[in-house]
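With the input below, show me the fold.
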Amino acid sequence: MNNLDIDVDGTPFSVLMDRAVKLKSSQLSSQGSKWDSYPSFYQNTVFPREEAVDEARGLDFNDRLASATPLKDEGNSSFQDGNLDEALVKYESALAVFRYLVNINSSWKDEGIKDDFISEVSFQSKDDEESDKLNEFLVKCYNNIALVSDKRRHFQLALQACDCAIAVDKRCDKSYFHRAQARIAPLSSGSVEQELALADLQTSVKMNGQNKEARKLLHSLRDEIKSQRVRDKQSFSGLFDRGEVYDNTDLQEEKETRQKSKVKEAIESNHRDIILGKQLAQMYDERGMEIEKVRVEQSLQREIRARDEYTDLNNVNFREPTEKMVQDAKSMGVDLSDPQTAEMLEQMQKVRMGGTCLDDVDTVVLETNPNNVVSRFARFVKSRLQTNFGTVRGLFLICFVAFVVIGIVSTLDLNRE
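Residues are numbered from 1 along each chain as shown. The predicted model follows:
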(Lines give C-alpha, C1' and ligand atoms only; values in the text may rest on other atoms or scores of the structure.)
Protein backbone atom coordinates (compact mmCIF):
# COMPACT_ATOMS: atom_id res chain seq x y z
CA MET A 1 0.00 0.00 0.00
CA ASN A 2 2.95 2.29 -0.69
CA ASN A 3 1.23 5.30 -2.23
CA LEU A 4 4.51 6.25 -3.90
CA ASP A 5 3.85 3.39 -6.30
CA ILE A 6 0.40 4.65 -7.24
CA ASP A 7 0.70 6.82 -10.31
CA VAL A 8 -1.13 8.08 -13.37
CA ASP A 9 0.82 8.80 -16.55
CA GLY A 10 3.98 8.63 -14.45
CA THR A 11 2.70 11.09 -11.84
CA PRO A 12 2.94 9.75 -8.23
CA PHE A 13 -0.27 9.99 -6.22
CA SER A 14 1.53 12.02 -3.56
CA VAL A 15 2.29 14.64 -6.23
CA LEU A 16 -1.40 14.77 -7.15
CA MET A 17 -2.20 15.39 -3.51
CA ASP A 18 0.35 18.20 -3.41
CA ARG A 19 -1.43 19.70 -6.40
CA ALA A 20 -4.76 19.38 -4.59
CA VAL A 21 -3.53 21.55 -1.74
CA LYS A 22 -2.08 24.18 -4.07
CA LEU A 23 -5.17 24.18 -6.28
CA LYS A 24 -7.36 24.68 -3.22
CA SER A 25 -5.22 27.62 -2.13
CA SER A 26 -5.45 29.08 -5.62
CA GLN A 27 -9.21 28.62 -5.62
CA LEU A 28 -9.57 30.44 -2.31
CA SER A 29 -7.32 33.32 -3.40
CA SER A 30 -9.29 33.75 -6.63
CA GLN A 31 -12.39 34.52 -4.57
CA GLY A 32 -10.88 37.89 -3.56
CA SER A 33 -11.20 41.15 -5.47
CA LYS A 34 -10.13 41.39 -9.09
CA TRP A 35 -7.83 44.27 -8.23
CA ASP A 36 -5.93 42.08 -5.78
CA SER A 37 -5.46 39.45 -8.48
CA TYR A 38 -3.45 41.81 -10.70
CA PRO A 39 0.34 41.56 -10.42
CA SER A 40 1.96 44.63 -8.89
CA PHE A 41 3.54 45.57 -12.23
CA TYR A 42 -0.01 46.06 -13.54
CA GLN A 43 -1.36 47.73 -10.42
CA ASN A 44 1.43 50.29 -10.60
CA THR A 45 0.35 51.32 -14.11
CA VAL A 46 -2.72 53.03 -12.62
CA PHE A 47 -0.35 55.61 -11.13
CA PRO A 48 2.50 56.00 -13.64
CA ARG A 49 5.71 57.31 -12.09
CA GLU A 50 7.07 58.67 -15.35
CA GLU A 51 5.48 61.70 -17.04
CA ALA A 52 6.53 60.32 -20.42
CA VAL A 53 4.16 57.39 -19.94
CA ASP A 54 0.98 59.48 -19.83
CA GLU A 55 2.11 61.49 -22.82
CA ALA A 56 3.03 58.41 -24.86
CA ARG A 57 -0.36 56.74 -24.37
CA GLY A 58 -1.95 59.21 -26.76
CA LEU A 59 0.51 58.54 -29.60
CA ASP A 60 0.49 56.10 -32.50
CA PHE A 61 2.49 52.86 -32.37
CA ASN A 62 5.85 54.04 -33.69
CA ASP A 63 5.89 57.11 -31.46
CA ARG A 64 4.82 55.04 -28.46
CA LEU A 65 7.62 52.56 -29.12
CA ALA A 66 10.07 55.43 -29.48
CA SER A 67 9.00 56.72 -26.05
CA ALA A 68 8.95 53.33 -24.32
CA THR A 69 12.28 51.99 -25.59
CA PRO A 70 14.44 54.53 -23.69
CA LEU A 71 12.62 53.60 -20.48
CA LYS A 72 13.49 49.94 -21.01
CA ASP A 73 17.10 50.85 -21.81
CA GLU A 74 17.33 52.94 -18.63
CA GLY A 75 16.07 49.91 -16.75
CA ASN A 76 18.87 47.83 -18.25
CA SER A 77 21.45 50.38 -17.10
CA SER A 78 20.01 50.46 -13.58
CA PHE A 79 20.02 46.66 -13.46
CA GLN A 80 23.68 46.51 -14.49
CA ASP A 81 24.50 49.05 -11.78
CA GLY A 82 22.76 46.88 -9.20
CA ASN A 83 19.91 49.34 -8.65
CA LEU A 84 17.13 46.76 -8.83
CA ASP A 85 14.31 48.95 -7.51
CA GLU A 86 14.97 51.64 -10.09
CA ALA A 87 15.30 49.03 -12.83
CA LEU A 88 11.89 47.59 -11.94
CA VAL A 89 10.26 51.04 -12.08
CA LYS A 90 11.70 51.65 -15.56
CA TYR A 91 10.58 48.27 -16.89
CA GLU A 92 7.08 48.75 -15.47
CA SER A 93 6.92 52.21 -17.04
CA ALA A 94 7.98 50.90 -20.44
CA LEU A 95 5.29 48.23 -20.22
CA ALA A 96 2.69 50.78 -19.08
CA VAL A 97 2.94 52.64 -22.37
CA PHE A 98 1.14 49.75 -24.09
CA ARG A 99 -0.65 47.81 -21.35
CA TYR A 100 -2.12 49.39 -18.26
CA LEU A 101 -5.07 49.73 -15.89
CA VAL A 102 -7.31 52.77 -15.61
CA ASN A 103 -9.23 53.82 -12.50
CA ILE A 104 -12.23 55.90 -13.56
CA ASN A 105 -13.34 56.66 -10.01
CA SER A 106 -12.08 60.13 -9.13
CA SER A 107 -13.02 59.57 -5.48
CA TRP A 108 -10.86 56.48 -5.07
CA LYS A 109 -8.74 58.13 -2.36
CA ASP A 110 -11.82 58.34 -0.13
CA GLU A 111 -13.65 55.21 -1.28
CA GLY A 112 -10.73 52.95 -2.08
CA ILE A 113 -10.06 51.08 -5.30
CA LYS A 114 -13.10 49.10 -6.44
CA ASP A 115 -13.24 46.52 -9.20
CA ASP A 116 -16.21 48.19 -10.88
CA PHE A 117 -14.12 51.26 -11.65
CA ILE A 118 -11.03 49.46 -12.98
CA SER A 119 -10.64 48.80 -16.70
CA GLU A 120 -7.84 47.14 -18.68
CA VAL A 121 -6.27 48.88 -21.67
CA SER A 122 -4.11 47.06 -24.20
CA PHE A 123 -2.77 48.68 -27.37
CA GLN A 124 -4.16 47.06 -30.52
CA SER A 125 -1.80 46.76 -33.48
CA LYS A 126 -3.15 47.66 -36.90
CA ASP A 127 -1.12 45.08 -38.86
CA ASP A 128 1.17 42.04 -38.47
CA GLU A 129 4.34 44.09 -38.61
CA GLU A 130 3.24 46.26 -35.71
CA SER A 131 2.01 43.22 -33.84
CA ASP A 132 5.37 41.45 -34.16
CA LYS A 133 7.30 44.51 -32.97
CA LEU A 134 4.89 45.07 -30.08
CA ASN A 135 5.02 41.45 -28.93
CA GLU A 136 8.81 41.43 -29.06
CA PHE A 137 8.94 44.58 -26.92
CA LEU A 138 6.36 43.31 -24.41
CA VAL A 139 8.14 39.99 -23.98
CA LYS A 140 11.42 41.80 -23.27
CA CYS A 141 9.70 43.94 -20.64
CA TYR A 142 8.06 40.94 -18.97
CA ASN A 143 11.27 38.91 -18.97
CA ASN A 144 13.22 41.83 -17.52
CA ILE A 145 10.61 42.27 -14.79
CA ALA A 146 10.93 38.55 -14.05
CA LEU A 147 14.71 38.77 -13.90
CA VAL A 148 14.67 41.74 -11.51
CA SER A 149 11.95 40.17 -9.35
CA ASP A 150 13.97 36.97 -9.11
CA LYS A 151 17.01 38.95 -7.96
CA ARG A 152 14.84 40.71 -5.37
CA ARG A 153 13.53 37.28 -4.30
CA HIS A 154 9.99 38.20 -5.28
CA PHE A 155 9.47 34.83 -6.92
CA GLN A 156 5.70 34.98 -7.27
CA LEU A 157 5.98 38.25 -9.16
CA ALA A 158 8.67 36.74 -11.39
CA LEU A 159 6.38 33.81 -12.09
CA GLN A 160 3.51 36.11 -13.02
CA ALA A 161 5.72 38.11 -15.37
CA CYS A 162 6.86 34.92 -17.11
CA ASP A 163 3.26 33.77 -17.49
CA CYS A 164 2.45 37.07 -19.20
CA ALA A 165 5.47 36.77 -21.48
CA ILE A 166 4.52 33.25 -22.54
CA ALA A 167 0.93 34.35 -23.13
CA VAL A 168 2.29 36.90 -25.62
CA ASP A 169 4.83 34.60 -27.29
CA LYS A 170 5.00 30.87 -26.62
CA ARG A 171 8.23 30.59 -28.61
CA CYS A 172 10.53 32.58 -26.32
CA ASP A 173 12.91 30.14 -24.62
CA LYS A 174 14.05 32.72 -22.04
CA SER A 175 10.53 33.04 -20.63
CA TYR A 176 10.36 29.31 -19.88
CA PHE A 177 13.86 29.38 -18.40
CA HIS A 178 13.06 32.31 -16.08
CA ARG A 179 9.77 30.68 -15.08
CA ALA A 180 11.55 27.46 -14.16
CA GLN A 181 13.93 29.45 -11.96
CA ALA A 182 11.03 31.21 -10.27
CA ARG A 183 9.24 27.91 -9.59
CA ILE A 184 12.04 26.17 -7.71
CA ALA A 185 13.74 29.13 -6.02
CA PRO A 186 11.36 29.50 -3.01
CA LEU A 187 12.08 27.38 0.05
CA SER A 188 8.43 26.32 -0.04
CA SER A 189 8.78 24.72 -3.48
CA GLY A 190 8.15 20.99 -3.63
CA SER A 191 7.59 18.12 -6.03
CA VAL A 192 4.88 19.95 -7.98
CA GLU A 193 7.12 22.96 -8.63
CA GLN A 194 10.00 20.69 -9.58
CA GLU A 195 7.91 18.84 -12.15
CA LEU A 196 6.58 22.07 -13.63
CA ALA A 197 10.07 23.58 -13.73
CA LEU A 198 11.39 20.44 -15.41
CA ALA A 199 8.76 20.78 -18.14
CA ASP A 200 9.65 24.47 -18.60
CA LEU A 201 13.36 23.71 -18.88
CA GLN A 202 12.78 20.92 -21.36
CA THR A 203 10.76 23.34 -23.49
CA SER A 204 13.42 26.03 -23.20
CA VAL A 205 16.27 23.71 -24.17
CA LYS A 206 14.25 22.28 -27.03
CA MET A 207 13.75 25.79 -28.40
CA ASN A 208 17.34 26.87 -27.83
CA GLY A 209 19.90 24.17 -27.19
CA GLN A 210 22.65 26.80 -26.96
CA ASN A 211 21.38 28.17 -23.65
CA LYS A 212 24.06 26.74 -21.34
CA GLU A 213 22.37 28.02 -18.18
CA ALA A 214 19.11 26.27 -19.07
CA ARG A 215 20.90 23.02 -19.91
CA LYS A 216 22.87 23.13 -16.68
CA LEU A 217 19.77 23.76 -14.58
CA LEU A 218 17.90 21.01 -16.44
CA HIS A 219 20.57 18.40 -15.64
CA SER A 220 20.79 19.58 -12.05
CA LEU A 221 17.03 19.43 -11.56
CA ARG A 222 16.80 15.96 -13.10
CA ASP A 223 19.43 14.71 -10.67
CA GLU A 224 17.63 16.34 -7.74
CA ILE A 225 14.28 14.79 -8.70
CA LYS A 226 15.91 11.39 -9.12
CA SER A 227 17.63 11.66 -5.74
CA GLN A 228 14.41 12.78 -4.07
CA ARG A 229 12.55 9.78 -5.47
CA VAL A 230 15.24 7.49 -4.09
CA ARG A 231 14.95 9.16 -0.68
CA ASP A 232 11.16 8.86 -0.80
CA LYS A 233 11.33 5.17 -1.63
CA GLN A 234 13.90 4.55 1.08
CA SER A 235 11.61 6.13 3.63
CA PHE A 236 9.00 3.50 2.73
CA SER A 237 11.38 0.64 1.91
CA GLY A 238 10.97 -1.07 5.27
CA LEU A 239 7.19 -0.95 5.18
CA PHE A 240 6.88 -4.67 4.52
CA ASP A 241 10.49 -5.75 4.97
CA ARG A 242 10.89 -9.46 4.30
CA GLY A 243 13.45 -12.22 4.19
CA GLU A 244 15.91 -11.01 6.86
CA VAL A 245 16.82 -13.17 9.87
CA TYR A 246 18.06 -11.68 13.14
CA ASP A 247 19.72 -13.82 15.79
CA ASN A 248 19.30 -11.05 18.32
CA THR A 249 15.75 -11.13 19.72
CA ASP A 250 15.81 -7.46 20.72
CA LEU A 251 16.75 -6.42 17.20
CA GLN A 252 13.98 -8.56 15.76
CA GLU A 253 11.40 -7.05 18.11
CA GLU A 254 12.64 -3.56 17.29
CA LYS A 255 12.33 -4.33 13.59
CA GLU A 256 8.78 -5.65 13.98
CA THR A 257 7.78 -2.61 16.05
CA ARG A 258 9.22 -0.32 13.38
CA GLN A 259 7.34 -2.24 10.68
CA LYS A 260 4.03 -1.94 12.50
CA SER A 261 4.59 1.78 13.02
CA LYS A 262 5.26 2.27 9.31
CA VAL A 263 2.19 0.24 8.43
CA LYS A 264 0.08 2.48 10.67
CA GLU A 265 1.58 5.63 9.13
CA ALA A 266 0.95 4.30 5.62
CA ILE A 267 -2.68 3.52 6.44
CA GLU A 268 -3.24 7.01 7.85
CA SER A 269 -1.49 8.59 4.86
CA ASN A 270 -3.60 6.50 2.50
CA HIS A 271 -6.78 7.68 4.24
CA ARG A 272 -5.76 11.34 3.92
CA ASP A 273 -4.77 10.90 0.27
CA ILE A 274 -8.14 9.39 -0.60
CA ILE A 275 -9.99 12.33 0.98
CA LEU A 276 -7.78 14.88 -0.79
CA GLY A 277 -8.11 12.95 -4.04
CA LYS A 278 -11.87 13.18 -3.92
CA GLN A 279 -11.64 16.93 -3.26
CA LEU A 280 -9.23 17.37 -6.16
CA ALA A 281 -11.51 15.44 -8.53
CA GLN A 282 -14.46 17.58 -7.44
CA MET A 283 -12.52 20.81 -8.06
CA TYR A 284 -11.46 19.64 -11.51
CA ASP A 285 -15.09 18.75 -12.23
CA GLU A 286 -16.28 22.21 -11.15
CA ARG A 287 -13.68 23.82 -13.42
CA GLY A 288 -14.63 21.65 -16.39
CA MET A 289 -11.15 20.07 -16.49
CA GLU A 290 -12.40 16.66 -17.60
CA ILE A 291 -9.06 15.09 -18.53
CA GLU A 292 -7.46 16.03 -15.20
CA LYS A 293 -10.55 14.79 -13.37
CA VAL A 294 -10.38 11.38 -15.07
CA ARG A 295 -6.67 11.03 -14.29
CA VAL A 296 -7.20 11.80 -10.63
CA GLU A 297 -10.16 9.42 -10.42
CA GLN A 298 -8.10 6.63 -11.97
CA SER A 299 -5.32 7.22 -9.49
CA LEU A 300 -7.86 7.44 -6.68
CA GLN A 301 -9.34 4.06 -7.60
CA ARG A 302 -5.89 2.49 -7.48
CA GLU A 303 -5.30 3.96 -4.05
CA ILE A 304 -8.65 2.64 -2.83
CA ARG A 305 -7.90 -0.82 -4.23
CA ALA A 306 -4.52 -0.79 -2.48
CA ARG A 307 -6.24 0.04 0.79
CA ASP A 308 -8.92 -2.62 0.31
CA GLU A 309 -6.41 -5.31 -0.62
CA TYR A 310 -4.35 -4.54 2.45
CA THR A 311 -7.40 -4.49 4.73
CA ASP A 312 -8.76 -7.70 3.23
CA LEU A 313 -5.48 -9.53 3.76
CA ASN A 314 -5.16 -8.26 7.31
CA ASN A 315 -8.64 -9.42 8.36
CA VAL A 316 -9.02 -12.64 6.35
CA ASN A 317 -9.55 -15.84 8.33
CA PHE A 318 -8.25 -18.88 6.47
CA ARG A 319 -9.68 -21.21 9.15
CA GLU A 320 -13.21 -19.96 8.38
CA PRO A 321 -13.08 -19.02 4.68
CA THR A 322 -15.93 -17.25 2.90
CA GLU A 323 -17.54 -18.78 -0.16
CA LYS A 324 -15.68 -16.35 -2.41
CA MET A 325 -12.36 -17.33 -0.81
CA VAL A 326 -13.15 -21.00 -1.33
CA GLN A 327 -13.97 -20.42 -4.99
CA ASP A 328 -10.88 -18.27 -5.57
CA ALA A 329 -8.66 -20.86 -3.94
CA LYS A 330 -10.32 -23.69 -5.85
CA SER A 331 -9.75 -21.90 -9.16
CA MET A 332 -6.02 -21.94 -8.35
CA GLY A 333 -5.95 -25.55 -7.21
CA VAL A 334 -5.87 -24.85 -3.47
CA ASP A 335 -8.19 -26.65 -1.02
CA LEU A 336 -9.06 -24.39 1.92
CA SER A 337 -10.74 -27.25 3.77
CA ASP A 338 -7.30 -28.79 4.29
CA PRO A 339 -5.93 -27.75 7.75
CA GLN A 340 -2.40 -27.99 6.40
CA THR A 341 -3.24 -25.48 3.66
CA ALA A 342 -4.86 -23.11 6.16
CA GLU A 343 -1.78 -23.31 8.38
CA MET A 344 0.55 -22.43 5.51
CA LEU A 345 -1.63 -19.52 4.44
CA GLU A 346 -1.77 -18.18 7.99
CA GLN A 347 2.01 -18.25 8.17
CA MET A 348 2.23 -16.38 4.89
CA GLN A 349 -0.35 -13.90 6.16
CA LYS A 350 1.81 -13.17 9.20
CA VAL A 351 4.79 -12.60 6.95
CA ARG A 352 2.85 -10.13 4.78
CA MET A 353 1.59 -8.22 7.80
CA GLY A 354 5.10 -7.86 9.26
CA GLY A 355 4.55 -10.22 12.18
CA THR A 356 7.33 -12.69 11.34
CA CYS A 357 10.11 -13.30 8.85
CA LEU A 358 9.69 -14.97 5.50
CA ASP A 359 11.77 -18.02 6.43
CA ASP A 360 8.87 -19.25 8.57
CA VAL A 361 7.24 -20.24 5.28
CA ASP A 362 10.15 -22.65 4.80
CA THR A 363 9.42 -24.07 8.24
CA VAL A 364 5.81 -24.83 7.32
CA VAL A 365 6.92 -26.55 4.12
CA LEU A 366 9.63 -28.51 5.94
CA GLU A 367 7.17 -29.70 8.57
CA THR A 368 4.99 -30.99 5.76
CA ASN A 369 7.85 -32.63 3.91
CA PRO A 370 11.39 -32.24 5.29
CA ASN A 371 13.02 -32.80 1.89
CA ASN A 372 15.62 -30.11 1.20
CA VAL A 373 14.50 -29.87 -2.42
CA VAL A 374 11.16 -28.52 -1.22
CA SER A 375 12.85 -26.00 1.05
CA ARG A 376 15.06 -24.76 -1.77
CA PHE A 377 12.11 -24.54 -4.13
CA ALA A 378 10.08 -22.68 -1.52
CA ARG A 379 12.78 -20.04 -1.43
CA PHE A 380 12.73 -19.90 -5.21
CA VAL A 381 8.94 -19.46 -5.18
CA LYS A 382 9.21 -16.62 -2.68
CA SER A 383 11.82 -14.76 -4.68
CA ARG A 384 9.83 -15.07 -7.90
CA LEU A 385 6.38 -14.29 -6.53
CA GLN A 386 7.14 -11.31 -4.30
CA THR A 387 5.01 -9.05 -6.47
CA ASN A 388 1.97 -11.29 -5.97
CA PHE A 389 2.55 -11.72 -2.25
CA GLY A 390 0.44 -8.70 -1.27
CA THR A 391 -2.98 -10.21 -2.06
CA VAL A 392 -5.02 -13.19 -0.95
CA ARG A 393 -4.85 -14.63 -4.45
CA GLY A 394 -1.08 -14.20 -4.33
CA LEU A 395 -0.99 -16.36 -1.21
CA PHE A 396 -3.13 -18.96 -2.93
CA LEU A 397 -0.72 -19.00 -5.86
CA ILE A 398 2.35 -19.51 -3.67
CA CYS A 399 0.56 -22.17 -1.65
CA PHE A 400 -0.51 -24.00 -4.80
CA VAL A 401 2.99 -24.08 -6.27
CA ALA A 402 4.48 -25.23 -2.97
CA PHE A 403 2.05 -28.14 -2.67
CA VAL A 404 2.61 -29.14 -6.28
CA VAL A 405 6.33 -29.44 -5.58
CA ILE A 406 5.66 -31.33 -2.37
CA GLY A 407 3.54 -33.76 -4.36
CA ILE A 408 6.23 -34.20 -6.99
CA VAL A 409 8.94 -34.83 -4.40
CA SER A 410 6.70 -37.28 -2.54
CA THR A 411 6.10 -39.19 -5.77
CA LEU A 412 9.84 -39.34 -6.41
CA ASP A 413 10.37 -40.71 -2.89
CA LEU A 414 7.75 -43.42 -3.47
CA ASN A 415 9.35 -44.38 -6.77
CA ARG A 416 12.74 -44.71 -5.07
CA GLU A 417 11.22 -47.03 -2.48
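
what's the span of stretch 121-133, first residue to last?
18 Å (Cα to Cα, to the nearest Å).

what's it in contact with?
With contact meaning Cβ atoms under 8 Å, 6 or more residues apart in numbering, stretch 121-133 is reached by Phe61, Arg64, Leu65, Val97, Phe98, Arg99, Tyr100, Leu101, Val102, Leu134. All C-beta atoms are positioned from the backbone trio N, CA, C, and that covers glycine.

what helix or strand is Gln210 on?
Under the criterion DSSP states H and E, no helix or strand holds Gln210.

What does it show for phi and psi?
phi -90, psi -10 (degrees, to the nearest 10).

wait, is Glu120 part of a helix?
No: Glu120 sits outside any helix when classified using DSSP: H, G, I helix; E, B strand; the rest coil, being strand.

Next, the buried residues of the helix or strand containing Ala161.
Taking DSSP H and E as the definition, Ala161 sits inside helix 155-168. The neighbour-count check on helix 155-168 (16 or more other Cβ atoms under 10 Å) flags Phe155, Leu157, Ala158, Leu159, Gln160, Ala161, Cys162, Cys164, Ala165, Ile166, Val168 as buried.

mean confidence score for it?
For helix 155-168, mean pLDDT is 96.

The following helix or strand past that helix to helix 155-168, inter-axis angle?
Downstream of helix 155-168, the first helix or strand assigned by DSSP H and E is helix 173-184. For helix 173-184 against helix 155-168, the angle by axes from the mean of the first three to the mean of the last three Cα atoms, to 10 degrees is 150 degrees.

quick revisit: now distance to Arg231 too, for the buried residues of helix 155-168, in TSV please.
Converted to TSV, those look like this (distance: Cβ to Cβ, whole Å):
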residue	distance to Arg231
Phe155	24
Leu157	31
Ala158	28
Leu159	26
Gln160	32
Ala161	33
Cys162	29
Cys164	36
Ala165	34
Ile166	32
Val168	39
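
element containing the closest residue in space to Glu224 that isn't next to it in sequence, please.
Excluding its sequence neighbours, the residue lying closest to Glu224 (Cβ to Cβ, 6 or more residues apart in numbering) is Gln194, at 7.1 Å. Per DSSP H and E: Gln194 is located in helix 191-207.

hang on, the earlier thing: dump the contacts of stretch 121-133 into CSV; add neighbour count as well.
Listed next are the contacts of stretch 121-133 as CSV, based on neighbours: other Cβ atoms under 10 Å:
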residue, neighbour count
Phe61, 18
Arg64, 20
Leu65, 19
Val97, 28
Phe98, 22
Arg99, 19
Tyr100, 22
Leu101, 18
Val102, 12
Leu134, 21
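
Show the secondary-structure elements that the helix holding Ala161 is packed against.
helix 40-43, helix 128-151, helix 173-184 (3 or more Cβ pairs under 8 Å, 6 or more residues apart in numbering; DSSP states H and E).
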